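okay, sequence plus prediction incoming.
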Amino acid sequence: MPPVTSPADADYPAGTGKGRISVFSLTEPSTSPTTTPTDQWLVGAGQDSLLLSPQPVHHKMCSSFCGPFNLPRISTGGQKLGTITRADKVYRGGWVERYKEPAPDGEDGEASAQAAREVVDVDTGAATDLNGEHAQETGPPTGPGLLVMRRTDPDKQSSPSVPVSWLSADDDGHPHTENLEQFTSK
């Protein structure tokens, strides 16, 4: 992913603010950056695309329940590539956790926690079903990654979790089960 900047002309890009996203080439340093005007937040990126949102998506930035939300996806040149629907979390390395079906209405945390979810690689579209498991950011030797974890007692939120598989930003988005022991000593 090339370096990206997202300066805003106001305190924030959404609403009345306007901003721009500039993408700089690492392989052609003498090339001018590609600049795209936007009125949305830059909330994530894959290898070849950027994710935008009309609202901040980090839970500490929302005044109420954040998700689910739609994330417009654009190329690093600014062309619209599509939209990721029913998103709930954005992870570094190019993944989005989303509801598989429309999310439960309201702010019912229990219903949202039980809803079927998946993690999607934004560039390849590869999806990993979470089936009651949860994802957390990690750093395998290859770069940003996600560790898919399962609670030892699924009925207790406080029970310890064990690694089930891991995802690497360095490949096509498929889950890995080899070398899981590298995550057990955390």
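Right, received. Where do you want to start?

assumed G125 was part of a strand.
No. Going by DSSP: H, G, I helix; E, B strand; the rest coil, the assignment for G125 is coil, not a strand.

which residue, other than its chain neighbours, is closest to it?
Excluding its sequence neighbours, the residue lying closest to G125 (C-beta to C-beta, 6 or more residues apart in numbering) is G173, at 7.9 Å. Using the backbone N, CA and C atoms, a C-beta is placed for each residue, glycine as well.

how much space separates the residue nearest to P144 when sequence neighbours are not counted from A115?
Nearest residue to P144 in three dimensions, chain neighbours excluded: G93, at 3.1 Å (C-beta to C-beta, 6+ apart). Between G93 and A115 the distance, using C-beta to C-beta, to the nearest Å, works out to 23 Å.

phi, psi for the residue nearest to G125 please.
Main-chain dihedrals, G173, degrees, to the nearest 10: phi 90, psi 10.

check the gap between it and P37 for me.
On the measure of C-beta to C-beta, G173 and P37 end up 30 Å apart.

mind listing the strands for this protein?
Listed in chain order, the strands of the chain (DSSP state E) span 4-5, 19-23, 34-38, 41-45, 49-53, 69-75, 80-91, 95-99, 117-121, 127-129, 134-138, 145-151, 161-168.

just checking: what are the partner strands of the fourth one?
If I follow you right, that is strand 41-45. According to DSSP bridges, strand 41-45 forms sheet pairs with strand 49-53 (antiparallel).

starting at the chain centroid, how far to the partner strand?
Distance of strand 49-53 from the chain centroid (C-alpha atoms, centre = their mean, to the nearest Å) equals 9 Å.

what's the answer for stretch 159-172, then?
Going by C-alpha atoms, centre = their mean, where stretch 159-172 is centred and where its chain is centred differ by 15 Å.

what residues sit buried inside that stretch?
Neighbour-count burial for stretch 159-172 flags 163-169 (criterion: 16 or more other C-beta atoms under 10 Å).

now the two most distant members of these.
Spatial extent of the buried residues of stretch 159-172 (C-beta to C-beta) is set by the pair V164 and A169 at 18.5 Å.

and I74, how many neighbours?
Counted with other C-beta atoms under 10 Å, the neighbours of I74 add up to 19.

and the residue positioned nearest the centre of the chain, how far from E178?
Against the mean C-alpha coordinate of the chain, by C-alpha atoms, centre = their mean, the closest residue is V90 at 2.4 Å. Distance of V90 to E178, given as C-beta to C-beta: 27 Å.
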